[in-house]
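[1] Build the 3D model from these lines:
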Amino acid sequence: MQINVKSNISTFAKAMDAFGRNHIPAATANALTTTAFNVRKQIVDDTYPSSFTVRNKRFASAMFRVEKATRRNLTARVYDRLGRDYMTTQAEGGLKRPRGNNIAIPSRQIKRTKTGRVPKNRHPRNVLGGKAYKTKLDSGQEVIAEQTGRGAARKQRVLYLLEKIARIPKRFAFYEDANKKAGRVFDRNFKKSFAFQKNKARMK
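    Below you'll find the model as predicted:
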């Protein structure tokens, strides 16, 4: 999952004199890099927390990184350095198909870690190796469940719903918010960077 921030300033460059055109590559690279950091801040501080229940406040900051632009490569990149497939699914939505016979969808009985993941010892294969079992509810829904309590207090607790296919809703506006932020701040960043490059050149 990533967004690339690019710019086409050829029209602007044609209106510049030779002195100004010499500083466009450096100014553009700096502006693109600054914009990418602006985008990262938007994602980490606003988009991610508004999309998920945040259990680990450092997770988004550790996940999203910036690849800086250079004079020779005028592209900056904001990307998920951890390469979590499920984050792409949350950003794009779509259908999830099982690798085996079913997709196991965790119920609220499965407590997640601070990063929002299911602990390894509570994965379907591992709970089935313990006290859990596959069964069907009265509605016909296939589930993985376990028994709790004893005697009259004995109850069946559903851990996973078993489905043939799962529709994953789009809930993480990574691309939309990133593009909006880049569109709002790039011109400002470029003007500031270009002015800095020209002033630095004149002082030499």
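
[2] chain center to stretch 177-197, what's the gap?
    22 Å (Cα atoms, centre = their mean, to the nearest Å).

[3] Identify the residues contacting it?
    Identification of contacts with stretch 177-197 by Cβ atoms under 8 Å, 6 or more residues apart in numbering yields 3, 5, 7, 9, 20, 23-24, 26-28, 30-32, 34-36, 38-39, 42-43, 46-47, 78. Just so you know, the C-beta spots here come from the backbone N, C-alpha and C atoms, and that holds for glycine as well.

[4] ranges for the strands of the protein?
    Using DSSP state E, the strands of the chain run over 2-6, 64-67, 75-80, 94-96, 103-106, 133-136, 142-148, 155-163, 166-168.

[5] gap between residue 125 and residue 3?
    From residue 125 across to residue 3, the span is 35 Å (Cβ to Cβ, to the nearest Å).

[6] Looking at those two, which has the bigger crowd around it?
    Between residue 125 and residue 3, residue 3 has the larger neighbour count (other Cβ atoms under 10 Å), namely 19 against 9.

[7] quick one, what contacts the most centrally placed residue in the chain?
    The residue lying closest to the centre of the chain (Cα atoms, centre = their mean) is residue 87, at 4.9 Å. Shown in contact with residue 87 (Cβ under 8 Å, 6+ apart): 1, 63, 80, 172, 174.

[8] can we see that at 10 Å?
    Residues near residue 87 by Cβ atoms under 10 Å, 6 or more residues apart in numbering: 1, 48, 52, 60, 63-64, 80, 116, 172, 174.

[9] follow-up on the earlier one: mind giving me the ChimeraX command for buried ones among the contacts of stretch 177-197?
    Selection of buried members from the contacts of stretch 177-197 for ChimeraX, criterion 16 or more other Cβ atoms under 10 Å:
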select :3,5,7,9,20,23,24,26,27,28,30,31,32,34,35,36,38,39,42,43,47,78
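
[10] among the contacts of stretch 177-197, which are in helices?
    Mapping the contacts of stretch 177-197 onto helices (DSSP state H) picks out 20, 24, 26-28, 30-32, 34-36, 38-39, 42.

[11] export these to JSON lines and tack on pLDDT and distance to residue 146?
    Formatted as JSON lines, the ones in helices among the contacts of stretch 177-197 follow (pLDDT from 0 to 100; distance: Cβ to Cβ, whole Å):
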{"residue": "20", "pLDDT": "60", "distance to residue 146": "71"}
{"residue": "24", "pLDDT": "85", "distance to residue 146": "65"}
{"residue": "26", "pLDDT": "90", "distance to residue 146": "62"}
{"residue": "27", "pLDDT": "91", "distance to residue 146": "62"}
{"residue": "28", "pLDDT": "91", "distance to residue 146": "59"}
{"residue": "30", "pLDDT": "95", "distance to residue 146": "57"}
{"residue": "31", "pLDDT": "94", "distance to residue 146": "56"}
{"residue": "32", "pLDDT": "94", "distance to residue 146": "53"}
{"residue": "34", "pLDDT": "97", "distance to residue 146": "53"}
{"residue": "35", "pLDDT": "96", "distance to residue 146": "50"}
{"residue": "36", "pLDDT": "96", "distance to residue 146": "47"}
{"residue": "38", "pLDDT": "97", "distance to residue 146": "48"}
{"residue": "39", "pLDDT": "97", "distance to residue 146": "44"}
{"residue": "42", "pLDDT": "97", "distance to residue 146": "42"}
